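coords below, sequence missing:
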């Protein structure tokens, strides 16, 4: 049996999405920047996709910029806000994705920007009182960059409260929503979000395409220079079939959101119950209640000779999971996220992440193999 429990790293592309992409790999191959019919056809498909993504988050089409993925989108928002919007200070957390963490580090070291880390608790929850204190402590133009859901430990941000605090102090709010777009309802107006990012391959779309939502009043200049594509905000010929696929996958995800989220939540709950009933020394990193991302579960085992090699042992049994983010999926230790939680004792953490395609039979198989290995 083969079990894929690493959906936070990437998801299999949906067959219906692939079918909608194929014409743009074959018949509709025109460059969208050209003026003749072949180009007009692909340009129309891009603009329809832009409109579709915008509607899903209650934005305007002109506020959506298509990118190569969320890493580019996050870099564009963070660095652009400093270069073009007068940001002199960044508030972030110690458990952000590396593309945000390293971008903030770059800005601090090379762009003379002040940075501050908001406090978190041992589940990864943001201390809102501390965020309020940090926002009140300086009159400098500030960017707050906090992810909506942590990709390793599943802890959810109270995004509306953070957005309200940012609005109260006149700070810009950027959120990496890679793990939540197409998995949770998002309303950029209600949540007071200035920038947000998404990546198609996290919700059964193609790899190599994503988007940046950029509020109209906070527009930055291009991060990639060249032609005038993406309304002058992102140079380079657009990934037409990828953009079409991303919009199709997002539209389908939101159409089935209630049904799919209930199914995956139940699967995660079942996995937690089975782990607790079969392993007395199991623990969990991050929230496992309603304040958690329902697609992700970070499981902690005592460190010993068996658990040190557990990822590899599970791989030999056809089980795909990871030790943290996709950047470090081959390692069982060293997660900066888990380390930041400040938990005592030596533990080995494994991230299991689920999709609508997974089953309880697969959970049973994983539990069986864990019992054999531990």
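Thanks, I have the structure now. Note that the structure is predicted; figures quoted are calculated from it, not measured.

what residues does the helix or strand bottoming out on mean pLDDT in the chain touch?
Ranked by mean pLDDT, DSSP states H and E, the helix or strand of the chain with the weakest confidence is helix 305-308, at a mean of 88. By C-beta atoms under 8 Å, 6 or more residues apart in numbering, the residues outside helix 305-308 that reach it are 301, 313, 332, 348, 373-374. Every C-beta, even on glycine, is put in place using the N, C-alpha and C of the backbone.

got it, and stretch 212-231?
32-33, 57, 59-60, 62-67, 72-73, 75-77, 79-81, 83-85, 172, 188, 193-198, 232-238.

buried set for it?
For stretch 212-231, a neighbour-count test (16 or more other C-beta atoms under 10 Å) marks 212-215, 218-220, 222-224, 229-230 as buried.

tell me which of those residues has the lowest pLDDT.
Lowest in pLDDT among the buried residues of stretch 212-231 is residue 223, which has 86.

SS state for that one?
Classification of residue 223 by DSSP: H, G, I helix; E, B strand; the rest coil places it in coil.

where does it sit relative to residue 73, distance-wise?
As judged by C-beta to C-beta, to the nearest Å, residue 223 and residue 73 stand 9 Å apart.

which residues in the protein form helices?
Under the criterion DSSP state H, the chain contains helices at 15-25, 37-57, 70-85, 98-110, 128-136, 159-169, 240-255, 257-278, 305-308, 310-316, 336-340, 360-373.

pull out the buried residues from the second one.
In other words, helix 37-57. By neighbour count with 16+ other C-beta under 10 Å, helix 37-57 contains the buried residues 39, 41-43, 45-46, 49-50, 52-54, 56-57.

now the two most distant members of the residues you listed.
With C-beta to C-beta as the measure, no two of these lie farther apart than 39 and 57, at 27.9 Å.

give me every residue that touches residue 53.
59, 64, 198, 211, 246-247, 250.

relative to residue 117, which of these is nearest.
Proximity of these to residue 117 (C-beta to C-beta) peaks at residue 198, which lies at 24.8 Å.

ok, back up a step: pick out the shakiest of the helices of the chain, pLDDT-wise.
helix 305-308 (a mean of 88).

picking that back up, now distance to residue 96 too, for the buried residues of helix 37-57, in TSV please.
Listed next are the buried residues of helix 37-57 as TSV, based on distance: C-beta to C-beta, whole Å:
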residue	distance to residue 96
39	39
41	40
42	35
43	35
45	34
46	30
49	28
50	27
52	28
53	23
54	25
56	24
57	21
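
who does residue 3 bridge with?
residue 319 (DSSP bridges).

gap between it and residue 111?
Residue 3 is 44 Å from residue 111, by C-beta to C-beta.

so these two - more neighbours on which side?
Taking other C-beta atoms under 10 Å, residue 3 and residue 111 do not tie; residue 3 has more neighbours (20 against 14).

hang on, that one packs against residue 353?
No. Using C-beta atoms under 8 Å, residue 3 makes no contact with residue 353, being 11.7 Å away.

phi first, then psi, for the spatially most central residue of the chain.
Nearest to the geometric centre of the chain sits residue 178, at 2.0 Å (C-alpha atoms, centre = their mean). In terms of degrees, to the nearest 10, the main-chain angles of residue 178 are phi -60, psi -40.

quick check, it in contact with residue 202.
Yes. Here residue 178 reaches residue 202: they are 5.6 Å apart, a contact under C-beta under 8 Å.

one step back: list buried residues within the contacts of helix 305-308.
For those, buried by 16+ other C-beta under 10 Å: 301, 313, 332, 348, 374.

residues touching residue 365, list them.
1, 3, 319.

sorry, wrong one. I was asking about residue 163.
Contacts here follow C-beta under 8 Å, 6+ apart; on that basis residue 163 touches 173, 191-193.

one more time with 10 Å
Contacts for residue 163 (C-beta atoms under 10 Å, 6 or more residues apart in numbering) come out as 144, 146, 157, 171, 173, 175, 188-194.

then residue 161?
Counting by C-beta under 10 Å, 6+ apart, residue 161 touches 126, 128, 131-132, 191-192.

filter these down to the buried ones, PyMOL style.
Buried subset of the contacts of residue 161, written as a PyMOL selection, criterion 16+ other C-beta under 10 Å:
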select buried, resi 126+128+131+191+192
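
show me the two of the contacts of residue 161 that sit farthest apart.
That would be 132 and 191, which, of the contacts of residue 161, are the farthest apart (C-beta to C-beta) at 17.3 Å.

check what pLDDT residue 346 gets.
86.

sorry, slip of the keys, the one I care about is residue 228.
Looking at residue 228, its pLDDT is 88.

report how many residues lie close to residue 10.
Per other C-beta under 10 Å, the neighbour tally for residue 10 reads 17.

nearest spatial neighbour of it, skipping sequence neighbours?
Nearest non-adjacent residue to residue 10, counting by C-beta to C-beta, 6 or more residues apart in numbering: residue 201, 4.7 Å away.

if I look at the one you found, how far off is residue 191?
From residue 201 to residue 191 the distance is 24 Å (C-beta to C-beta).

residue 80 versus residue 212, what's the distance?
The value you get for residue 212 to residue 80, if C-beta to C-beta is used, is 9 Å.

quick one: common contacting residues for the two?
With C-beta under 10 Å, 6+ apart, residue 212 and residue 80 have common neighbours 195, 220, 223, 233.

and residue 187, how many neighbours?
Residue 187: 14 neighbours (other C-beta under 10 Å).

OK, contacts around it?
Residues in contact with residue 187 (C-beta under 10 Å, 6+ apart) are 56-59, 159-160, 193.

need the residues you listed in JSON lines (columns: distance to residue 119).
Shown next, in JSON lines, are the contacts of residue 187 (distance: C-beta to C-beta, whole Å):
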{"residue": "56", "distance to residue 119": "33"}
{"residue": "57", "distance to residue 119": "29"}
{"residue": "58", "distance to residue 119": "31"}
{"residue": "59", "distance to residue 119": "31"}
{"residue": "159", "distance to residue 119": "18"}
{"residue": "160", "distance to residue 119": "20"}
{"residue": "193", "distance to residue 119": "22"}
